[in-house]
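Trainee: okay, predicted coordinates and the sequence, questions at the end:
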Amino acid sequence: MVTPVGGDLESTWSSLLAGKSGVGPISLFDARTFPTRIAAEVKDFRLERYLTQAERWAEHSRNTRFALAAGQMAMSDSGLLEGPGLGDPTRFGIYLGAGEGQQDFPRFVKLVHDAGPSGRVSTEEFTRRGVHDLHPLREAEQEPGSPAAHLASAFGARGPNANCLTACAASSQAIGEAYEMIRHDCADVMLSGGTHSMIHPFGVTGFILLTALSTRNEEPEKASRPFDRDRDGFIIGEGAGMLVLEELEHAKARGAKIHGEIVGYGSTADAFRITDSHDEGRGAIACLREALEGANLAPEQIDYINAHGTSTAVNDSIETLAIKSVFGEAAHRVPISSTKSMMGHLIAAAGSVEAIVCLLTIRDGLLPPTINLDNPDTDCDLDYIPRAARRKNVDVALSNSFGFGGQNITLILKRYTD
């Protein structure tokens, strides 16, 4: 993982268990005139910490560089970079949930600035200057599928290569679809997850216009407050999370370290308004049921839920409603937390990072908290692990991701036992 609270898996995990917020003033561009001036940025990121040939990727977007760093860590952890473990490279694929790359704003701003007080640039001048001043690699990075292509090049993955961009559900969906590819014998190994950075003027402006972002600029560390009655919007974040998915017999044959197994995958759509969840939670309810049925598990067997928990009024209440509808009485017994309260919302990368969090709860028997939950909303009356981490044995964990546009993904991850 590369996140706003840590540059790798263990530092991120320690920060989450400590309830540390990664939210602060925006530094990636001048946001002084914006209604929202805070975000959850990845701090002090340098690709050379992760890759020996980092200069090869120097002109690529933050999206791509985050993906390469997280991908390198995942591949190193898997042991597939050593010896003959990988096998046939045409059986090794990539499936990402990655957003569009970051636009080449500094050069555009300079172009307009040089135009003088009018700020107007003629078509001829734009063409003449733009061709020389805008970097071609940065332009190519606008394609959401670029990070997947770069990962394939970096690790020699010559099998299936795909990217989905279903907003906040993207990387969870990528993991689910990579899982299905392996189940259908299209690959033995898939590097899957997500990467995204929308902390730029266009990205932030879009969510401001949707009135989706918090404006608690004076208290950034308290701005993301899922399930709290005083929540006023989400915090935009950035980062990447990557997992290596592997067919079980392939993994066992090479003595792989197995962190857990995916046993359930639900994917549905609200088929409702693009900007809102269905007011009865029909898509989320169907998604939870599909994942549980696929895993052949009852709600009572879920030990922990990592909620989508964005800190928006509608999302938090609808997710609570969906959990209560599917889990019944068990809804009040299962501990739930939103790690977005600390990391912000990593958009396309959110689900993969949260799936990794679920695996860490299984590994360590520790549940991260929901910080800033000081005054619970009356519609949000479940156990959201407020303010402090909790110790609990976890064998089965569930992760929800509900995307803008009505996409719903649920992943269920389980402790692996031979």
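Mentor: That came through, no problem. Residues are numbered from 1 along each chain as shown.
Trainee: just the C-alphas of stretch 151-169, formatted as PDB.
Mentor: Output of stretch 151-169 as PDB, limited to C-alpha atoms (Å, rounded to 0.1, in the frame of the first residue of the first chain):
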ATOM      1  CA  LEU A 151       2.800  -2.800 -14.500                       C
ATOM      2  CA  ALA A 152       2.800  -5.400 -17.200                       C
ATOM      3  CA  SER A 153       6.000  -4.000 -18.700                       C
ATOM      4  CA  ALA A 154       7.600  -3.700 -15.200                       C
ATOM      5  CA  PHE A 155       6.900  -7.300 -14.200                       C
ATOM      6  CA  GLY A 156       6.700  -9.200 -17.500                       C
ATOM      7  CA  ALA A 157       3.000 -10.000 -17.200                       C
ATOM      8  CA  ARG A 158       2.000 -11.200 -20.700                       C
ATOM      9  CA  GLY A 159      -1.400 -12.600 -19.700                       C
ATOM     10  CA  PRO A 160      -4.800 -10.800 -19.500                       C
ATOM     11  CA  ASN A 161      -4.500  -7.100 -19.000                       C
ATOM     12  CA  ALA A 162      -7.500  -5.000 -18.000                       C
ATOM     13  CA  ASN A 163      -8.600  -1.900 -16.200                       C
ATOM     14  CA  CYS A 164     -12.100  -0.900 -14.900                       C
ATOM     15  CA  LEU A 165     -13.100   2.600 -13.900                       C
ATOM     16  CA  THR A 166     -16.300   2.200 -11.900                       C
ATOM     17  CA  ALA A 167     -15.500   5.200  -9.600                       C
ATOM     18  CA  CYS A 168     -15.300   4.300  -5.900                       C
ATOM     19  CA  ALA A 169     -15.900   0.600  -6.600                       C
END
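Trainee: which parts of it are buried?
Mentor: 151-152, 154-155, 157, 159-169 (16 or more other C-beta atoms under 10 Å). To be clear about C-beta, it is placed using only N, CA and C from the backbone, and glycine gets the same treatment.
Trainee: which residue comes closest to residue 191 once chain neighbours are left out?
Mentor: Excluding the flanking residues, the one nearest residue 191 by C-beta to C-beta, 6 or more residues apart in numbering is residue 94, at 5.2 Å.
Trainee: identify the bridge partners of the one you found.
Mentor: residue 161, residue 191 (DSSP bridges).
Trainee: got the contact list for it?
Mentor: By C-beta atoms under 8 Å, 6 or more residues apart in numbering, residue 94 lies in contact with 148, 151-152, 157, 159-162, 190-192.
Trainee: which among these gets closest to residue 364?
Mentor: Within these, proximity to residue 364 (C-beta to C-beta) peaks at residue 192, which comes in at 22.6 Å.
Trainee: can you tell me the closest non-neighbouring residue to the most centrally placed residue in the chain?
Mentor: Taking C-alpha atoms, centre = their mean, the centroid of the chain lies closest to residue 350, which sits 1.7 Å from it. Residue nearest to residue 350 in three dimensions, not counting chain neighbours: residue 168, with 5.8 Å by C-beta to C-beta, 6+ apart.
Trainee: quick one, what contacts that neighbour?
Mentor: Contacts of residue 168 by C-beta under 8 Å, 6+ apart are 308, 310, 345, 347-348, 350-351, 401-404, 407.
Trainee: pretty sure residue 162 is touching residue 177, no?
Mentor: Yes. Judged on C-beta atoms under 8 Å, residue 162 makes contact with residue 177 at a distance of 7.3 Å.
Trainee: what sits in contact with each of those two?
Mentor: residue 95.
Trainee: so what's the gap between the longest helix along the chain and the chain middle?
Mentor: Longest helix in the chain by number of residues (criterion: DSSP state H): helix 62-78. Relative to its chain's centre, helix 62-78 lies at 14 Å (C-alpha atoms, centre = their mean, to the nearest Å).
Trainee: what of stretch 404-415?
Mentor: 12 Å.
Trainee: how about stretch 290-298?
Mentor: Centre to centre, stretch against its chain (C-alpha atoms, centre = their mean), the figure for stretch 290-298 is 23 Å.
Trainee: just stretch 283-300 next, same as before
Mentor: Centroid separation for stretch 283-300 versus its chain: 21 Å, with C-alpha atoms, centre = their mean.
Trainee: what comes up buried for it?
Mentor: 283-292, 294-295, 297, 299.
Trainee: the residues you listed in helices, which ones?
Mentor: Checking the buried residues of stretch 283-300 against DSSP H, those in helices are 283-292, 294-295.
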